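Asker: the following comprises the amino acid sequence and a computationally predicted model.
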Amino acid sequence: MTMLSNNEIIKMRKTLIQRQFAHMNNMQQQAIFTVNGALLILAGAGSGKTTVLVNRISNILSWGNAYNSDYVPEYITEKDIDQLQNCYFNNIEPTSELISKFAVNPAKPYQIMAITFTNKAAKELKERISAKLNCTDTDIWASTFHSSCAKILRRYADLLGYSSHFAIYDTDDSKRIIKDCCKSLGIIEREYPIKTMLNEISKAKNSGISLEDFKKDSIGDSYMTSIAKVFDLYQKSLKKSDAMDFDDLLINTVNLLKNNEEVRTYYQKLFKYVMVDEYQDTNKIQYELIRLLSDGTKNLCVVGDDDQSIYKFRGATIENIINFEENYPNAKVIRLEQNYRSTKVILSAANSVIENNTTRKGKNLWTNNDNGDLITVFTTFNETEEADYIGSQILSMVAKGKKYSDFAVLYRTNSQSRALERVFVRSAIPHKIIGSVKFYERKEVKDMLAYLRIVNNNNDDEKLKRIINYPKRAIGSATVSNVEEIASQLGKNMMSVLRTSNQYADLVKAAPKLMDFANMIDEFSEIANDKKVRISDLYITILERIDFKNTLKKDHSVSDNAIENVEELLTAIRQYENENGEDASLSGFLDEVALMTDIDNYNNNIAEDDNRVSLMTIHSAKGLEFPVVFLPGMEENLFPSFKSSKNPEDLQEERRLAYVALTRAKEKIFITNTQSRVYLGVTNRNSPSRFIKEIPAELITSSTQQPIVSEMSKAYAVSPYEKRKHQIETAKIFGPAVTEPKKSVSSNNYSVGDIVNHKAFGKGMIISSKPMGNDFLLEIAFDTAGTKKIMSNFSKLEKI
DNA sequence: TGAGCATAGTTTTTT
DNA sequence: ACTATGCTCA
């Protein structure tokens, strides 16, 4: 046996690494093999971005920088080389043991930090990495910006003057505080809307403007000076409550890393590799955080798509991605432009639309997939007809074998969901609306969480105020203000004032009740401190002690399924306990909840019982994909929205949103617009969206199928004149409607007037029948279930 | 304290 | 059109 030269070993090693990632395309491989230094991966929609991230991490963990390195570890033996050669010549995958011998500086899982925007994305990343590498979830630091920061801050909170139990305030909490601040500053809400003020403050925080800077900048501007005062008081109240808002989590972490060399060095040494997903949606503070974290090794990889930046209104600066090469002069840029998701038609439509934007890195998605169906554009008279049309299309495609979960209806504004929901309920189309009312934002859920939060952190005055008189304890608002006043004068939290309330003249009358309440909370805290007691036990104790379910039963202002939601929260707690075992803690659970959203709960892996159509805003749909996508409300003033059509920059963001919408679809897109739409109480007549016109005409087909005019849309009293006008105008825009020659259709067993029996809906009469595909769409008025639309072949009807 | 009426404000919202 | 919040009065 001859000893191989280093060069030969390096060559073989490289080949073996390449083979391991041979299933990836060229560009993807480049991204996987570029492990050191700054790297920007411009990943188009559906280009296998997450797969690349997973494989890149896998490469770093197993091979380290071996692919690019000329270094051969000295300790390898001849036997090792033999094995390497054996793998090389016989096309055998090297064992992990062998890989570890030839690897160059492979990283340990805990040395990798991967930052995502949603918990869902973080979870997916962790799962896929552990599946690939047999390491456990907890080894890899993959989480959202905010939970990463929370995790760091819990350790060092005392350095910043917070306790390790500090509360995390959501937007709702922030609004309440701002309101209080305005009140005590004598600022009138009418002149300074809370939302505007919170926006200004958040905007400042996100762009790295400190309170001091903000004050300085506001000098001479009375409007901004007022906001500065609120800003000041707001921060003070937060501090007093031992609380941080979402922005503070980031700011405080950045400040901690900036000002404390020891902490900074610790994390810079710890994280040898930093990766950031959805980089186009980062803001200035996040940029700073990333910079600080990655400045040790400078191994930073960011992944993003400037064309999918749709969160400018929340402070994201597209400049972060546009200027990446400027900020990191030696950065390498890799474009992933091959799309594995959509048809050619869909991609060229999306490309043509986004080409109208001027501020972009430039990128052209292509695919090897089939051409696919043309995009269907259809104009209806009003939003109910629009919903009818979408419903009928879904029903007819379901009749041809599609599943309900293959469809998504993506709209610009949440309010558009109403008309759709009405029709879907009526037509018995299983559906789910994502993002309208969020679970953790429901009143009863927030109430119960407030109990847990005040137990966890006695300083949390905001939560205390929320529940001190709910369930009713005859503690009036005047008493609460007194407590608050005394607390602020003494510089104490409200809980400590409650405990000793009999000592204050203003509180004497209410003292017994206040002290009862304080005692109860203290009891809960004692229970919580007992290490043997689980969070779920504490929760049940509280629930029973305050008799919450009965309270909800009597309270007519809460929603019908309030009790269900309270029980669902228990399930969530138990799930958390199961997932975290020994590490489960009250503050851990509360952190998770504070940083969680509905979208995170949305499970795109379709379970058997989850065969439902998805309805959501385009924003919520980012990162998801569906075989068939409906885009209703493609009208000027709605999409692009009225406000953005004035401003070229906002318009570009709307266009990116349109791009996101189109690229969600795998097979087929339906675009609809209406002639008239009731919006904000007034009927608007909007022309078709400019985005429709930006799609080349040859990619579009106008639907030949007339929508079924339902009883409901007839109720809008459409005159024949209006109808005719609508038809003419539609023809002007999209050409005359082509009437397809009537195909021979399978015989219809039912006719109008027949009485039928349906398995689920009972007895009913057929009131209309319309051929559709090889089937008939029947409209049936049921005795008890109301009027529904049903495909004749699909549902087993019994003629009576 | 609570019911009932008036009024304002409604683009998107990963945390 | 719809809802959430504030204000008034019993």
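Answerer: It's in.

Asker: neighbours around the residue lying closest to A:Ala316 once chain neighbours are set aside, how many?
Answerer: Once flanking residues are discounted, A:Ala316 sits nearest to A:Asp281: 4.4 Å by CB to CB, 6 or more residues apart in numbering. Quick note: C-beta positions are derived from backbone N, CA and C, even for glycine. For A:Asp281, the neighbour count with other CB atoms under 10 Å is 23.

Asker: report the closest residue of the stretch 601-750 of chain A relative to DNA strand C.
Answerer: A:Gly681 (2.4 Å; CB to the nearest atom of the strand).

Asker: what helix or strand does A:Val678 sit in?
Answerer: A:Val678 is part of strand A:677-679, with elements assigned from DSSP states H and E.

Asker: parallel or antiparallel, list what pairs with that strand.
Answerer: Sheet pairing for strand A:677-679, assigned by DSSP bridges, gives strand A:682-684 (antiparallel).

Asker: ok so, going back, what's around the residue of the stretch 601-750 of chain A closest to DNA strand C, how many residues?
Answerer: Neighbourhood size, A:Gly681 [other CB under 10 Å]: 5.

Asker: from A:Ser587, how far off is A:Ile546?
Answerer: 21 Å (CB to CB, to the nearest Å).

Asker: same check, this time on A:Ser164
Answerer: A:Ser164 is 8 Å from A:Ser587, by CB to CB.

Asker: between those two, which one's more packed in?
Answerer: Neighbour tally, A:Ser164 and A:Ser587, criterion other CB under 10 Å: the higher count belongs to A:Ser587, 19 against 13.

Asker: was I right to think the more buried one contacts A:Ile168?
Answerer: No. Using CB atoms under 8 Å, A:Ser587 and A:Ile168 do not qualify as a contacting pair, with a distance of 9.8 Å.

Asker: for A:Val54, give me the pLDDT.
Answerer: Looking at A:Val54, its pLDDT is 93.

Asker: do you know how far the residue of the stretch 251-400 of chain A found nearest DNA strand C is from A:Ile219?
Answerer: At 11.0 Å from DNA strand C, A:Glu383 is the closest residue in the stretch 251-400 of chain A, using CB to the nearest atom of the strand. Going from A:Glu383 to A:Ile219 by CB to CB gives 49 Å.

Asker: so what's the residue nearest to the residue of the stretch 251-400 of chain A closest to DNA strand C when sequence neighbours are not counted up against?
Answerer: Of all residues not flanking A:Glu383 in the chain, A:Ala419 sits nearest, at 4.3 Å (CB to CB, 6+ apart). By CB atoms under 8 Å, 6 or more residues apart in numbering, the contact list for A:Ala419 reads A:Glu383, A:Thr384, A:Glu386, A:Ala387.

Asker: ok, the third one - how many residues close by?
Answerer: By the measure other CB under 10 Å, the count of residues near A:Glu386 is 27.

Asker: ok, it - contacts?
Answerer: The neighbourhood of A:Glu386, defined by CB under 8 Å, 6+ apart, consists of A:Thr380, A:Ala419, A:Pro632, A:Gly633, A:Thr672, A:Asn673, A:Thr674, A:Pro707.

Asker: pick out the most distant pair among those.
Answerer: A:Gly633 and A:Pro707 (15.1 Å; CB to CB).

Asker: picking up where we left off before, which of the helices or strands spans the residue nearest to A:Glu383?
Answerer: Counting by DSSP H and E, A:Ala419 is found in helix A:417-426.

Asker: so is the helix or strand just after that helix next to DNA strand B?
Answerer: Under the assignment DSSP H and E, the closest C-terminal helix or strand after helix A:417-426 is strand A:431-433. No. Strand A:431-433 lies out of reach of DNA strand B by CB under 7 Å from any atom of the strand, never closer than 10.7 Å.

Asker: list the buried residues in strand A:431-433.
Answerer: A:His431, A:Ile433 (16 or more other CB atoms under 10 Å).

Asker: mind listing what that strand pairs with, with the direction of each?
Answerer: Strand A:431-433 has these strand partners (DSSP bridges): strand A:613-617 (parallel).

Asker: can the strand it pairs with be found next to DNA strand B?
Answerer: Yes. Residues of strand A:613-617 contacting DNA strand B under CB under 7 Å from any atom of the strand: A:Met616, A:Thr617.

Asker: who are the contact partners of the residue of the stretch 251-400 of chain A closest to DNA strand C?
Answerer: Going by CB under 8 Å, 6+ apart, A:Glu383 touches A:Gln416, A:Ala419, A:Pro632, A:Gly633, A:Thr674, A:Arg677, A:Val678.

Asker: spit out the residues that contact A:Ser587 and A:Ile168 alike.
Answerer: Shared contacts of A:Ser587 and A:Ile168 (CB under 8 Å, 6+ apart): none.

Asker: quick one, what contacts A:Asp460?
Answerer: Taking CB under 8 Å, 6+ apart, one finds A:Ala167, A:Ser241, A:Asp242, A:Ala243, A:Arg453, A:Ile454 in contact with A:Asp460.

Asker: quick one, phi/psi of it?
Answerer: Here is the backbone geometry of A:Asp460 (degrees, to the nearest 10): phi -70, psi 80.

Asker: which strand residues bridge the residue nearest to it when sequence neighbours are not counted?
Answerer: Excluding the flanking residues, the one nearest A:Asp460 by CB to CB, 6+ apart is A:Ala167, at 4.7 Å. Residues in a beta bridge with A:Ala167, per DSSP bridges, are A:Ala243.

Asker: A:Ala167 contacts A:Lys239, correct?
Answerer: No. At 11.2 Å, A:Ala167 and A:Lys239 do not qualify as touching, with contact defined as CB under 8 Å.
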